[in-house]
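Student: curious how this folds, go ahead:
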Amino acid sequence: MPVIKSISSLRNRTREISRICHEQDIPVYLTRNGEGELVVTTIDHYERLKAQAELFSKLGVAQAQAAAGAKGITHRQMMAKLRRRLHAR
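Tutor: You can find the predicted model right below:
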């Protein structure tokens, strides 16, 4: 269930909002006059959301390429490519 607070809570209860974000690993939604205004979350949570959005974007591109008949590489080829990249470091 989302945590919803008024925007004045950001000023008056900053530590409480930070604690909720860190301990429960969830965003806190802030409202102004009953309408959504801001979302506060931890940097780690935000970075995970960004990575997830990027992954979904890449999956969408891959699905479009597959639907268009584009050929990919085999699992064996991909693993060899990854091993070369890993050993190059």
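
Student: check which helix or strand the closest residue to residue 10 other than its chain neighbours maps to.
Tutor: In space, residue 10 comes closest to residue 30 once its chain neighbours are excluded; the distance is 5.9 Å by C-beta to C-beta, 6 or more residues apart in numbering. Any C-beta I mention is one placed from the backbone N, CA and C, and that applies to glycine too. In this structure, residue 30 sits in strand 28-32 according to DSSP states H and E.

Student: buried ones in that strand?
Tutor: For strand 28-32, the buried set under the neighbour-count rule, 16 or more other C-beta atoms under 10 Å, comprises 28, 30.

Student: alpha carbons of stretch 78-89, as CSV, please.
Tutor: Output in CSV follows, covering the C-alpha atoms of stretch 78-89 (Å, rounded to 0.1, in the frame of the first residue of the first chain):
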residue,chain,number,x,y,z
MET,A,78,26.8,-14.8,-26.7
MET,A,79,28.6,-16.6,-23.9
ALA,A,80,31.9,-16.6,-26.0
LYS,A,81,31.4,-12.9,-26.6
LEU,A,82,30.9,-12.2,-22.9
ARG,A,83,33.9,-14.4,-21.9
ARG,A,84,36.2,-12.4,-24.4
ARG,A,85,34.9,-9.1,-22.9
LEU,A,86,35.5,-10.4,-19.3
HIS,A,87,39.1,-11.6,-20.1
ALA,A,88,40.0,-8.4,-21.9
ARG,A,89,39.7,-6.5,-18.7
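
Student: what lies in contact with the strand or helix carrying residue 62?
Tutor: Assigned by DSSP H and E, residue 62 falls within helix 43-67. Applying C-beta atoms under 8 Å, 6 or more residues apart in numbering, the external contacts of helix 43-67 come out as 21, 25, 26, 27, 41, 72.

Student: list only buried entries from these.
Tutor: Judged by 16+ other C-beta under 10 Å, buried ones among the contacts of helix 43-67: 21, 27, 41.
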